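> sequence first, then the predicted structure, then my questions.
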Amino acid sequence: MRKFFLFFLFSTLAVRCMSQNEENGPPAITIRYVGNEHLLKIVKNYFRSDPYRNEFGFFIKHLMDDPILVNKSTRLRTDTSLFYFQGVYKNYSPYGFLADRTEIRLAEQELVINDSLPLRDTLIVYQLLGFNNGKAGLESVKDEFFKFNRHYGKHFITEPGNITQGTEIVGATEDYFIRGVAASPLTVAWAKLDESESAFIITLRLKIK
């Protein structure tokens with residue numbers, strides 16, 4: 001059940017990228033560099049491999065060859081599956097708390113842009129996950145979530161949301177939007193995964209042009 005919830009949670013964070021206030025049809029998703037210096041600061045402060053600094057091929061190589069990344073797993077793109085990569089960092093915790101484990105994930109995500117027509121697009125989803133254990137760990141990821149939003153939220157248009165499991169609220173999200181761009185390039189979240197482990201999650205959405 002926990003593995004299913006993890007998959008559901010991360011998949012949900014990956015595709016929640018359209019403004020709920022958008023009423024003018026499917027937007028053009030053009031997230032390579034969207035003109036917000038604060039987004040670049042967030043990436044620099046949290047991610048070891050920066051997708052905005054160089055060509056995408058260089059970014060992929062830098063990420064996958066990172067010397068402190070272990071337990072790496074890669075699924076290459078085929079006719080029936082999309083690209084997926086994940087790994088665990090050794091001794092890396094760019095948060096206000098000391099994470100018990102920090103993971104990185106990079107995956108292609110198919111996005112339906114028109115329900116009535118076979119129109120689809122592909123986003124690159126880039127996630128950093130800081131895990132912490134116990135009751136103190138739950139409070140630490142919540143504190144990081146609220147601290148992050150206090151520091152960066154004033155520079156974006158934001159939309160809050162809850163993560164629920166049944167009738168229980170087990171987390172919260174904040175989607176970050178940039179004026180004039182209908183897709184959210186960034187979501188932050190905290191989530192209680194089970195009775196022993198919680199996570200603080202930063203999700204970037206990239207469109208390769």
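That came in fine, so what should we check first?

> tell me which other helices or strands the longest helix along the chain touches.
For the chain, the helix with the greatest residue count under DSSP state H is helix 134-152. Packing partners of helix 134-152 (3 or more Cβ pairs under 8 Å, 6 or more residues apart in numbering; DSSP states H and E): strand 119-133, strand 168-177, strand 186-192, strand 197-206. The C-beta positions use only the backbone N, C-alpha and C, and glycine is treated the same way.

> which positions in that helix come out as buried?
Burial within helix 134-152, assessed by neighbour count using 16 or more other Cβ atoms under 10 Å, is assigned to Gly137, Leu138, Ser140, Val141, Lys142, Glu144, Phe145, Phe148, Asn149, Tyr152.

> ok, now which ones touch the second one?
The reference is to Leu138. Leu138 is in contact with Asn132, Lys192, Ser198, counting by Cβ atoms under 8 Å, 6 or more residues apart in numbering.

> what's the closest of those residues to Arg77?
Closest to Arg77 out of the contacts of Leu138 is Ser198 (32.0 Å), distances taken as Cβ to Cβ.

> model confidence at that closest one, what's the number?
On pLDDT, Ser198 comes in at 96.

> any idea how far Ala136 is from it?
As judged by Cβ to Cβ, to the nearest Å, Ser198 and Ala136 stand 10 Å apart.

> on that earlier part again, just the CA trace of the longest helix of the chain, in PDB.
What follows is helix 134-152, C-alpha atoms only, in PDB (Å, rounded to 0.1, in the frame of the first residue of the first chain):
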ATOM      1  CA  GLY A 134       9.300   9.900  13.100                       C
ATOM      2  CA  LYS A 135       7.100  12.600  14.600                       C
ATOM      3  CA  ALA A 136      10.000  15.100  14.600                       C
ATOM      4  CA  GLY A 137      10.600  14.300  11.000                       C
ATOM      5  CA  LEU A 138       7.000  15.100  10.100                       C
ATOM      6  CA  GLU A 139       7.300  18.400  11.800                       C
ATOM      7  CA  SER A 140      10.600  19.200  10.100                       C
ATOM      8  CA  VAL A 141       9.200  18.600   6.500                       C
ATOM      9  CA  LYS A 142       6.100  20.800   7.400                       C
ATOM     10  CA  ASP A 143       8.400  23.500   8.700                       C
ATOM     11  CA  GLU A 144      10.500  23.400   5.500                       C
ATOM     12  CA  PHE A 145       7.400  23.600   3.400                       C
ATOM     13  CA  PHE A 146       6.100  26.700   5.200                       C
ATOM     14  CA  LYS A 147       9.600  28.300   5.300                       C
ATOM     15  CA  PHE A 148      10.000  27.700   1.600                       C
ATOM     16  CA  ASN A 149       6.700  29.400   0.800                       C
ATOM     17  CA  ARG A 150       7.300  32.300   3.000                       C
ATOM     18  CA  HIS A 151      10.700  33.000   1.400                       C
ATOM     19  CA  TYR A 152       9.800  32.300  -2.300                       C
END
